[in-house]
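1. Predicted structure and sequence below. I'll ask about it afterward.
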Amino acid sequence: MRFWLGAFGILAFLLLFGCAGGPSNVAAKQAGGGIDVSWSPAGGAVGYAVYRSTDAASEGIRLNPKPIVGETEYVDTSVINGMTYYYTVKAIDASGKETAGGRASATAKITPPQNLAITINGGANYTTEKTLTLSLSAAGAAECRFSNDGSTWSDWEAYSTMKAWTVSGGDGPKDVFYQCRDEIGNMAQPVSAAVYLNTQPPRILLSSPAQNGEYAGGFRLVFTVTDSADPWARTATCSGTVDSNPIAIGAVTLGNETGMDIYAAPGTHVLGLECADGNLKTSQSVTFTVVDKPDVSLVLADGSGYTASGTVSARITSKLARDCRLSNDGTAWGSWFPYVTSNQWMLTPGDGTKHVYAQCRSGSGTMSDIVSDTIILDTTPPPYISISINNGAHWTNSRDVTLGLYAYAAAQCRYSNDGYTWSSWEPYSTWKPWTLTQDQGSKTVYYSCKKRNGDDVGSTSAGIIFSPVPPNPPSDMTISINGGDEYTTSTRVTLRLREYGASACRLRQDSYDWTDWEDYEGDVSFTLRGGDGQKTVYYQCMNDYGTKTIHGSIYLVTSPPSRITDLRASAGYSSIYLSWSRPDGAISSYSIYRSATSLGMFTLLATTSSVSYVDRNAMPGETYAYTVKARDTAGQQSPDSNVATATISGDSATAGLG
């Protein structure tokens, strides 16, 4: 009995004074970033101490300077990958005495998944859809997650080499972040890729042919393509069809008018036009008619409206005409004669106003509309003087013209192209060959005569347009800003302007007021207004036949990108992860500079289009400093970002934000 009482007394004494036994069920296993050591609690223990050794026969060193209180688990993160460690857990009683428990061992696995890579839509720079196809790789990954901003992440999911992912927001640059971990939780640093989202197709402004328009012998295709959704685009590729027959067009400059003459047989046709900016296509179609009906104009005599002779020249100008006829009353017609420009015609007898009518027909017999001209017949005229150019034609495609002349009782006459510099006096004649000045546009020829006795008969003038093509509203117009550059860093730009057949032109930027009508052509200096952003300059020209407007665009960037202030560097197992926020503006790339502390100077490390980068060439034990510059599409760079530092060591990784 005394033995059992004695045994009970000893147990009570141990419990009373806290003398603990060693912890049981000691276990060690791999965990993310280290080795997880666990044990069952020991009675009377007020804390625990964990010892580690790389030798199975040795207890090793104590890992925790202070006792572990209230926990039965310890994660050892100061391990080397692939090394086997042996752990002893001891209970600590109230007096500070340590009592050893069981032992356990585990081999460290702290390497996260390696060589993470993400590619968007096969490496495309642009996308037209918000849902992307991601191509992925990560050696040793068990689970991965994704983010559009590097902060808000999707749930972890099983590793896969492909994934559909939807970006957020409207058109513009998009970043997709990718991060993975292994089966025990070792987490790799994230990587990212960028793509430009463009969901808006280019736009086509089709000026000619017009819907249900009617054209003789063919038509002129005139259109302008714009693309405001993509600030980096310069050209579009276009193609066309007429009744499914292809029209070769090719690349056109955005914002500039494109024109070409196209033949089409008589009848109703459908024109189809399609343009693509490399991502999206847009199309337009119109129905129009090509007619066989000739266009006809008639000019009598010299075009002055007067004649002293009952027989005059009837000048017929026509497109598609095969033969024509004339009439003095529009009812009784002369015989059909083969189409020629100049014809002699006898007016009705007696002085006064005379009407002459003309009509032509095509090779298929299609009749033109009836046209007419009037002239005053005065067989005993008072003194007067008149001049016409090419029988009163409105335009000529040759500088060499024929002047039709009349000056009552004149003996000597002279001529001028400007009204100041005159030819020598020469004998009066009813016609004269004359050469216009070289530049294209409206021309005036001045005519002055005097009588035999020296008295002045008078002076007059006539005008004509000199142009290689018929004088239509200005259509062959071009505008380029700074030689076609996409971007400018100066508000002062050079406009290269071209036009044919215009009498005056003017300029306007965006919704600002027009300049005065002037002879804008060639290289013109122009000042852009407003702040940075897309600028559109309109070029409008006019003549007696109408007005045409085209435009060109350029992106103004007067300030470089703002400084990046949130560059972050974090060191992983064998690499350093950098990330930053995207500054405002059209950023095309980022330049990353690195400096090793032992060297002390920054050198270019890499260039990327995304807002993160993984430096896989960092050496353990070396501290690296990083800075980043943003480059916009105009080539301007931001100032250096803040400096971020990080160090990879054999036992741990440290990082800082400067």
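-> Structure's in. What do you need?

2. Would you map the strands across the stretch 101-250 of the chain?
-> 114-120, 126-127, 131-139, 143-147, 157-158, 162-166, 172-181, 191-197, 203-208, 214-216, 218-226, 235-242, 245-253 (DSSP state E, counting those that start in this stretch).

3. Now render those as CSV, adding distance to G32.
-> To be clear about C-beta, it is placed using only N, CA and C from the backbone, and glycine gets the same treatment. Listed next are those as CSV, based on distance: least, Cβ to Cβ, whole Å:
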stretch, distance to G32
strand 114-120, 15
strand 126-127, 35
strand 131-139, 15
strand 143-147, 11
strand 157-158, 17
strand 162-166, 23
strand 172-181, 7
strand 191-197, 19
strand 203-208, 53
strand 214-216, 76
strand 218-226, 54
strand 235-242, 52
strand 245-253, 54
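
4. Give me the below-cutoff pLDDT ranges for the stretch 401-550 of the chain.
-> Across the stretch 401-550 of the chain, residues meeting the criterion (pLDDT under 70) sit at 469-471.

5. In it, what residue spans correspond to strands?
-> Ranges of strands in the stretch 401-550 of the chain, per DSSP E, counting those that start in this stretch, are 412-416, 426-427, 431-435, 441-450, 456-466, 478-481, 487-488, 492-498, 504-509, 522-527, 533-543, 546-556.

6. Same question for the stretch 551-658 of the chain.
-> Under DSSP E, counting those that start in this stretch, the stretch 551-658 of the chain gives strands at 568-571, 576-579, 587-596, 603-608, 612-615, 623-632, 644-648, 653-657.

7. closest one to L134 among those?
-> strand 612-615 (15.1 Å; Cβ to Cβ).

8. ok, the closest one: who's next to it in the sheet?
-> Using DSSP bridges, the strands paired with strand 612-615 are strand 576-579 (antiparallel).

9. from the chain's centre, how far out does the strand it pairs with sit?
-> Computed by Cα atoms, centre = their mean, to the nearest Å, the chain-centroid distance of strand 576-579 equals 31 Å.

10. go on, stretch 582-599?
-> The answer for stretch 582-599 is 25 Å, by Cα atoms, centre = their mean.

11. picking up where we left off before, deepest in the core, which of the strands of the stretch 551-658 of the chain is it.
-> Highest mean neighbour count of the strands of the stretch 551-658 of the chain: strand 576-579, a mean of 24 (counted as mean count of other Cβ atoms under 10 Å).

12. Report the rounded mean pLDDT for that strand.
-> Mean per-residue pLDDT for strand 576-579: 91.

13. mind saving the C-alpha coords of it as PDB?
-> Below are the C-alpha coordinates for strand 576-579, written out as PDB (Å, rounded to 0.1, in the frame of the first residue of the first chain):
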ATOM      1  CA  ILE A 576      13.300  39.100 -59.000                       C
ATOM      2  CA  TYR A 577       9.800  40.200 -59.900                       C
ATOM      3  CA  LEU A 578       9.200  43.800 -60.900                       C
ATOM      4  CA  SER A 579       5.800  45.500 -61.300                       C
END
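
14. So what touches it?
-> Contacting residues not belonging to strand 576-579 are listed as 150, 189-190, 192, 567-571, 592, 611-615, 618, 624, 626, 628, 644, 646, 648, 655 [Cβ atoms under 8 Å, 6 or more residues apart in numbering].

15. Helix or strand with the lowest mean pLDDT in this structure?
-> Ranked by mean pLDDT, DSSP states H and E, the weakest helix or strand in the chain is helix 2-16, scoring a mean of 38.

16. buried stuff in the next helix or strand after that helix?
-> Using DSSP states H and E, the helix or strand that follows helix 2-16 in sequence is strand 24-31. Applying a neighbour-count criterion of 16 or more other Cβ atoms under 10 Å, one finds V26, A27, A28, Q30, A31 buried in strand 24-31.

17. from memory the third one sits against I35, does it?
-> Yes - taking Cβ atoms under 8 Å as the contact criterion, A28 and I35 are neighbours in contact, 5.6 Å apart.

18. Touching both of the two, which residues are there?
-> With Cβ under 8 Å, 6+ apart as the test, A28 and I35 both reach Y85, Y87, A106.

19. can you pick the most crowded of these?
-> Y87 (25 neighbours; other Cβ atoms under 10 Å).

20. what angle separates the helix or strand in which that one is found from strand 24-31?
-> Here Y87, judged by DSSP H and E, is contained in strand 84-92. If you take axes from the mean of the first three to the mean of the last three Cα atoms, to 10 degrees, strand 84-92 sits at 140 degrees to strand 24-31.

21. Give me the neighbour count for the nearest residue to A194 once chain neighbours are set aside.
-> The shortest distance from A194 to any non-neighbouring residue, by Cβ to Cβ, 6 or more residues apart in numbering, is to S610 (4.1 Å). A count of nearby residues for S610, using other Cβ under 10 Å, gives 21.

22. Then Y339?
-> 19.

23. before we move on, back to that, pretty sure the residue nearest to A194 sits against Y196.
-> No - using Cβ under 8 Å, S610 is not in contact with Y196, being 11.8 Å away.

24. Great, nothing more from me.
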